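[1] Test case, fold it:
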Amino acid sequence: MLENPFQNIALIIPEIFLFGIFIGNVLVDLIFGKINKTIPLAFGIIGIITAIVLVINQYHLTLPLQPFFYKMLYINRSYIFIKIILGLVSLFTLVWINISKRSIKLAIPEVQGFIIASYLGACIMVEASHFMSLILGLEIVSISSYILAHFSFNKKGAESSLKYFLFGAFSTGLMIYGISFMYGFGGSFYFYETDFANKLAQAPAFFLVFSITLFLGGLFFKVALFPFHIWAPDVYEGAPTAIVAYFSVLPKIAGLAVLCNIYEVFVINPVLQSIMIFVLSAVAIASILVGNLSALWQNNFKRMMAYSSIAQAGFILAAILPHNSYSSTSFLFYLSIYFFMNFGAFFMGELLFGKQDEFHLKQLSGLGRRQPLLGIMLLIIMVSLVGLPPTSGFSAKFLLFTSLYEFSQNTNNHLILALFLVAVVNTVISLFFYLKPLYFLFLKPTENQTLVIFELKGKLFCIIIVLPLIIGFFSFDKFVHLIQQLNGF
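    Below is the predicted model of the structure:
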């Protein structure tokens, strides 16, 4: 007997609503766009806020213990929490492009529509329990990102968008090729089933590793993990800053959430667990090393942040490996803080560089003394990215290192221990490039005499972004308790 698709409709109301406001965004623009441009933009922001409220309301539902909607989707409290973060990323981006003079050209219904679409795709990715629903969500996010990268309306933006598309198409092809092998060996597209993992583990060793590696490659691309990170610096440099901030956070969080879901399924089988630990640990080590060492030589703020995001993705990936409630708290805490750190860095960068197009660090010379509030806020963000007190970045790194070290001691796994040591050493290395913008801001003589206009709405937006980076340190226990309570740990 076929499942009634409407019996669990309450579990996908946020996704249905997002699809509705995506369509509604087009219709509202057609009807009201020529009369008043603010109406379509207000429609999008109100729509995202409503979607977040609908997601929060899912905490009150009795959640199923097995996949629903023809076993295509699965939801639990952790997925709801991640969907809230994804919603906040989308909301903050829409607010950004409406309050920033540099990004005001992006305040058009087309950009808004693709941001809504990518939020929808990210939610589907997080909830996917079937390879086809995973690919559907991944491609919605990918196609939206390819198009959004082109909205800088210049040659560099077109080149970065094309490069992003070509790398993305290639990685998706590899991913689907890997899925075809996994389907052949596992006998199912439902990767959340225990039987799928056990059957897959019986495949010949070479083809097993080969298929899993190809499958993970598509996710590594979305997260910008080594060796699928090559697109990131050029795309970050060429795309509009607000859009860069968006797809440096939303696809990364969604991709890491999927990796966490896959890992949770595969660890039930010892063979698959050993493969996943080896592959993910090796990729995390390589991403941290490549990201940090490459960032050391960058003089362009966007390219530096691109390599920084590669390294940060490696750190977050490391939080997945221990697979216990403590590591789950560490993973979700790091995701939450990463959103504010990365988003804040790009927003402050746009404010400080003003109308400059190149984002060279030397253009920041002396601005910290002339604009002390901006300088102090960027200081907090950069110190948090390093992982130093008194910021939430320190709390996130503390949780990560503690769970990782305990896991290495419990399992006596030398690769996990190597990952722990690489993470600690590279935290020190990252000091040299995260503090580089601050060196130019406060210690170099002024070269740029342009006055940075810092309006009240910009100040409020900065405070909202920076405040969690302080609260997460001084109210660390309460922050962790809140995450554990919301996620049922």
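
[2] in the longest helix along the chain, what's buried?
    Determined from DSSP state H, the single longest helix within the chain is helix 155-186. For helix 155-186, the neighbour count (16 or more other Cβ atoms under 10 Å) marks 157, 159-161, 163-165, 167-168, 171-172, 174-175, 177-179, 181-183, 185-186 as buried. The C-beta positions use only the backbone N, C-alpha and C, and glycine is treated the same way.

[3] Now do the following helix or strand past it: everything it contacts.
    Next along the chain after helix 155-186, taking DSSP states H and E as the criterion, comes helix 194-200. Outside helix 194-200, the residues within contact range by Cβ atoms under 8 Å, 6 or more residues apart in numbering are 182, 185-188, 190-191, 208, 265-266, 268-269, 272.

[4] May I ask which two of these are separated the most?
    With Cβ to Cβ as the measure, no two of these lie farther apart than 190 and 208, at 18.3 Å.

[5] Pull out the CA atoms of stretch 256-264 and give them to me as PDB.
    The C-alpha atoms that make up stretch 256-264 are tabulated as PDB, following Å, rounded to 0.1, in the frame of the first residue of the first chain:
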ATOM      1  CA  LEU A 256      28.500  19.900   6.200                       C
ATOM      2  CA  ALA A 257      25.100  18.900   7.600                       C
ATOM      3  CA  VAL A 258      24.800  16.300   4.800                       C
ATOM      4  CA  LEU A 259      28.300  15.000   5.500                       C
ATOM      5  CA  CYS A 260      27.300  14.600   9.200                       C
ATOM      6  CA  ASN A 261      24.100  12.700   8.200                       C
ATOM      7  CA  ILE A 262      26.000  10.400   5.900                       C
ATOM      8  CA  TYR A 263      28.600   9.800   8.600                       C
ATOM      9  CA  GLU A 264      26.000   8.900  11.200                       C
END
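
[6] mind listing what's buried in the strand or helix carrying residue 283?
    Assigned by DSSP H and E, residue 283 falls within helix 270-295. Using 16+ other Cβ under 10 Å as the test for burial, helix 270-295 gives 271-273, 275-277, 280-281, 283-292, 294-295.

[7] avg pLDDT for that helix?
    For helix 270-295, mean pLDDT rounds to 90.

[8] what is the orientation angle of the helix or strand just after that helix with helix 270-295?
    The helix or strand immediately downstream of helix 270-295 is helix 301-320, counting by DSSP H and E. Calculated by axes from the mean of the first three to the mean of the last three Cα atoms, to 10 degrees, helix 301-320 forms an angle of 160 degrees with helix 270-295.

[9] distance between helix 301-320 and the chain's centre?
    Here the centre of helix 301-320 is set off from its chain's centre by 10 Å, with Cα atoms, centre = their mean, to the nearest Å.

[10] Which elements pack onto it?
    helix 231-238, helix 241-247, helix 250-266, helix 270-295, helix 325-353, helix 392-411, helix 414-434, helix 436-442 (3 or more Cβ pairs under 8 Å, 6 or more residues apart in numbering; DSSP states H and E).

[11] winner for burial among those?
    Highest mean neighbour count of the helices and strands packed on helix 301-320: helix 241-247, a mean of 27 (counted as mean count of other Cβ atoms under 10 Å).

[12] Please name every helix or strand in contact with that one.
    With contacts taken as 3+ Cβ pairs under 8 Å, 6+ apart, helix 241-247 sits against helix 77-99, helix 109-127, helix 131-148, helix 301-320, helix 325-353.
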